[in-house]
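Chemist: the following comprises the amino acid sequence and a computationally predicted model.
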Amino acid sequence: MRILYYDIDTLRPDHLGCYGYHRDTSPNIDRLAAEGVRFDQCYVPDSPCLPSRAALLTGRFGIRNGVVNHGGACADPWVEPEQRGFRCWGDHLMVRFRQAGFHPVSFSPFPERHTAYWFLNGFCEWTNPGKGGMERADEVVPLALNWLDRRGKEDGWFLHVNVWDPHTPYRAPEEYGNPFRDEPPPAWMTEEARRRTWDTYGPGCAQEPGGAYLNPDYARSYPRMPNQIDSLESFRRWIDGYDTGIRYADDHLGLLLSRLEELGVLDDTLIIVSSDHGENQGELSVYGDHQTADAITNRVPMVVRFPRSMGGGPRVDRSLYYQFDVFATILELVGGEPSPGWDARSFAAEVREGRSSGRDFLVLSNCAWACQRSVRWDRWLLVRTYHSGFKNYPELMLFDLQNDPHEQENLADRMPDVAGQGLALLDRWHSEAMSHSPRVADPLQVVLREGGPHHARYGTKEFAGYVRRLRETGRSRFAEELLARARSAGFPNEVP
């Protein structure tokens, strides 16, 4: 038995053919989905990059492992002194796979990018491509192919290959062209919808997508990224850049699959394709970033193709799962033992029987760009905002994802009873999580006391710079609103 985990950073599922996308972005992923299980409603409990992978590797929610931010006091896992012996973290995911007889290997810049070397706990080998997440797939996958040439016929490896091509800046080589030149962009983005994302404020909105205003050279260095989404044509260029990154990553997955077939081990390899988070592309007025605890940022693709020896036909599982639930399930299916201390649950028995199970509701978190917790249940998503991340968000947003998957209409005021259901579920989850937390403090509250999320803190030069930008771009009323938000949070700084 062998396992390949192809980890495509910043990949939202609804831009893949197997999840219903109209563009041919993912022929190799689609092939795996046709042969395996496609989990339709799989979410990371904590986003974006650092909190997501911390949850996956520790099997615990960020509220319990301590990692909810990209900097400050809550960007490293909590280690309790009484638990810090000669060794600790013996129940990390890869430690458990090693105990099950696997040899885990990673090709990823992630540990260095986020100074997150705890990620490597349990891995026997790590190769750092060396560009801190700015690599293209053609700079990562050949390293893994070389490893397969040397070790691929051996039994019992777990190979993690991490590519970043859909992440900004969109960097597919110019000679790759635009595979989607003749295909329309997503139809939901109308001029009216685009205009709403322009006449507002917040890093990532149409006037400053993907951090481009902080990097004015992007448009010259990365021609697939317009500096502003000032028209539907600009939106098309932007989405073409994102989708081209997905196709480029998928092409390189095809190289790995071909090599496994050449080595004669493809049929005996369990293959996982997933991501650390999705990517808003206009939803909640964010383009090309992962700043919210919504269904776009926290929902991830999850395709698992089992080896023929494990049986089971292709199917779609539409139940609600956390990403770490699926990994705990795979661990048990291959003979490992999930930790009783994990928040992750294994649904191995249900998977063996070919039926769906999942959870009644999920709680989603993001504290790196905004401080939000959300509840996903039935057809609903309730987003509670504690710190807006310099954006124009009310405290509560309620969306009917069945009829409004791109989160365009906030129903919180019109449907208070449904919003109340979501708040009750959030309170229930919070009480349960804190009762099992090693610390008294909720890390979200720690982040708020620091002034907010790492990328959007009150009282910083970045805050002052954004207030000035709002004034310089004809949005003075929004600048005053943002200053009022800071004052109400206890940061009464004025910006000249």
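Modeler: It's in.
Chemist: which strand or helix spans Gln41?
Modeler: strand 37-43 (DSSP states H and E).
Chemist: distance between the ends of stretch 434-452?
Modeler: 21 Å (Cα to Cα, to the nearest Å).
Chemist: give me the helices and strands touching the longest helix along the chain, please.
Modeler: Looking across the chain with DSSP state H, the single longest helix is helix 232-262. In terms of contacts (3 or more Cβ pairs under 8 Å, 6 or more residues apart in numbering; DSSP states H and E), helix 232-262 is packed against strand 2-8, helix 27-35, helix 141-151, strand 157-163, helix 191-198, strand 269-274, strand 280-281, strand 287-289. To be clear about C-beta, it is placed using only N, CA and C from the backbone, and glycine gets the same treatment.
Chemist: 6 Å instead?
Modeler: helix 27-35, helix 141-151 (3 or more Cβ pairs under 6 Å, 6 or more residues apart in numbering; DSSP states H and E).
Chemist: what's in contact with the shortest one?
Modeler: Translated: helix 27-35. Contact with helix 27-35 is made by 16-18, 250, 253-254, 271, 273, 303, 305, 314, as judged by Cβ atoms under 6 Å, 6 or more residues apart in numbering.
Chemist: mean confidence score for it?
Modeler: For helix 27-35, mean pLDDT is 98.
Chemist: buried sites along it?
Modeler: 28-33 (16 or more other Cβ atoms under 10 Å).
Chemist: so it versus strand 37-43, what angle?
Modeler: Between helix 27-35 and strand 37-43, the angle comes out at 110 degrees (axes from the mean of the first three to the mean of the last three Cα atoms, to 10 degrees).
Chemist: export helix 27-35 as CSV, just CAs?
Modeler: Taking Å, rounded to 0.1, in the frame of the first residue of the first chain, the C-alpha atoms of helix 27-35 are listed here in CSV:
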residue,chain,number,x,y,z
PRO,A,27,-8.9,16.4,-16.4
ASN,A,28,-6.6,14.4,-14.1
ILE,A,29,-8.5,15.3,-10.9
ASP,A,30,-11.7,14.5,-12.7
ARG,A,31,-10.4,11.1,-13.7
LEU,A,32,-9.6,10.3,-10.1
ALA,A,33,-13.0,11.5,-9.0
ALA,A,34,-14.7,9.2,-11.5
GLU,A,35,-12.8,6.3,-10.1
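Chemist: roughly how far out does it sit from the chain middle?
Modeler: Here helix 27-35 is found 21 Å from its chain centre; the criterion is Cα atoms, centre = their mean, to the nearest Å.
Chemist: cool, and stretch 366-384?
Modeler: Relative to the chain's own centre, stretch 366-384 is displaced by 13 Å; criterion: Cα atoms, centre = their mean.
Chemist: same question for stretch 322-332.
Modeler: With Cα atoms, centre = their mean, you get 16 Å for stretch 322-332.
Chemist: one more: stretch 148-160?
Modeler: 27 Å.
Chemist: which parts of stretch 219-233 count as buried, going by neighbours?
Modeler: For stretch 219-233, by 16+ other Cβ under 10 Å, it's 222, 224-229.
Chemist: stretch 10-28 now?
Modeler: By 16+ other Cβ under 10 Å, the buried positions in stretch 10-28 come out as 10-19, 21, 23, 25-26, 28.
Chemist: what does stretch 339-349 give?
Modeler: Buried, per 16+ other Cβ under 10 Å, within stretch 339-349: 339, 342-348.
Chemist: same question, stretch 97-104
Modeler: In stretch 97-104, counting by 16+ other Cβ under 10 Å, buried: 97-98, 100, 102-104.
Chemist: hmm, who's touching stretch 46-55?
Modeler: Stretch 46-55 has contacts (Cβ under 6 Å, 6+ apart) with 44-45, 62, 65, 67-68, 70, 114, 276-277, 290, 297-298, 324, 365-366, 368.
Chemist: could I have the buried ones of those as ChimeraX selection syntax?
Modeler: To isolate the buried members of the contacts of stretch 46-55 in ChimeraX, using 16+ other Cβ under 10 Å:
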select :44,45,62,65,67,68,70,114,276,277,290,297,298,324,365,366,368
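Chemist: how about low-confidence regions in the chain?
Modeler: Residue ranges of the chain with pLDDT under 70: 212-213, 312.
Chemist: on the three-state scheme, the spatially most central residue of the chain is what?
Modeler: For the chain, His277 is the residue whose C-alpha lies nearest the centre (Cα atoms, centre = their mean; 0.9 Å). Under the three-state scheme (DSSP: H, G, I helix; E, B strand; the rest coil), His277 adopts coil.
Chemist: skip the chain neighbours and tell me the closest residue to it.
Modeler: Ser47 (4.3 Å; Cβ to Cβ, 6 or more residues apart in numbering).
Chemist: number of nearby residues for the one you found?
Modeler: For Ser47, the neighbour count with other Cβ atoms under 10 Å is 31.
Chemist: which residue ranges of the stretch 1-150 of the chain form strands?
Modeler: 2-8, 37-43, 46-47, 103-107, 125-127 (DSSP state E, counting those that start in this stretch).
Chemist: what are the pairing partners of the shortest one, and which direction each?
Modeler: Listed by DSSP bridges, the sheet partners of strand 46-47 and their directions read strand 361-366 (parallel).
Chemist: name the residues that touch the strand it pairs with?
Modeler: 43, 46-47, 62, 292-293, 298, 320, 372-377, 425, 429.
Chemist: residues of the one helix or strand Glu481 maps to that come out buried?
Modeler: According to DSSP H and E, Glu481 maps onto helix 476-488. Across helix 476-488, burial judged by 16+ other Cβ under 10 Å covers 478-479, 482-483, 485-486.
Chemist: check the residues you listed against Val79 and report the nearest one.
Modeler: Nearest to Val79, judged by Cβ to Cβ, of the buried residues of helix 476-488 is Ala486 at 33.0 Å.
Chemist: what about that closest one, distance to Asn280?
Modeler: Between Ala486 and Asn280 the distance, using Cβ to Cβ, to the nearest Å, works out to 24 Å.
Chemist: how is this protein divided into domains?
Modeler: Listed domain ranges for the chain are 2-82+89-435, 467-496 (source: automatic domain parsing).
Chemist: for Val446, find the nearest of those domains.
Modeler: domain 2-82+89-435 (5.4 Å).
Chemist: how distant is that closest one from the center of its chain?
Modeler: The mean C-alpha position of domain 2-82+89-435 is separated from the chain mean by 3 Å, Cα atoms, centre = their mean.
Chemist: that older thread, list the buried residues of the longest helix of the chain.
Modeler: Counting neighbours by 16+ other Cβ under 10 Å, helix 232-262 gives 234-253, 255-257, 259-260 as buried.
Chemist: got the angle between it and strand 269-274?
Modeler: If you take the same axes, to 10 degrees, helix 232-262 sits at 170 degrees to strand 269-274.
Chemist: just to revisit the earlier point, going by distance to His387, which of the buried residues of helix 476-488 wins?
Modeler: Among the buried residues of helix 476-488, Arg485 lies closest to His387 (Cβ to Cβ), at 8.4 Å.
Chemist: gap between the closest one and Leu426?
Modeler: In terms of Cβ to Cβ, Arg485 sits 22 Å off from Leu426.
Chemist: before we move on, what about Val79?
Modeler: From Val79 to Leu426 the distance is 28 Å (Cβ to Cβ).
Chemist: between those two, which has more neighbouring residues?
Modeler: Leu426 (17 against 14).
Chemist: pretty sure that one is in a strand, no?
Modeler: No: checked against three-state DSSP, Leu426 lies outside a strand; its state is helix.
Chemist: residues contacting it?
Modeler: Val375.
Chemist: let's go with 10 Å and repeat that
Modeler: 361, 363, 373-375, 382, 384 (Cβ atoms under 10 Å, 6 or more residues apart in numbering).
Chemist: now the helices and strands packed on helix 232-262 in JSON lines, with distance to Arg468?
Modeler: JSON lines is the format used below for the helices and strands packed on helix 232-262 (distance: least, Cβ to Cβ, whole Å):
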{"stretch": "helix 27-35", "distance to Arg468": "43"}
{"stretch": "helix 141-151", "distance to Arg468": "43"}
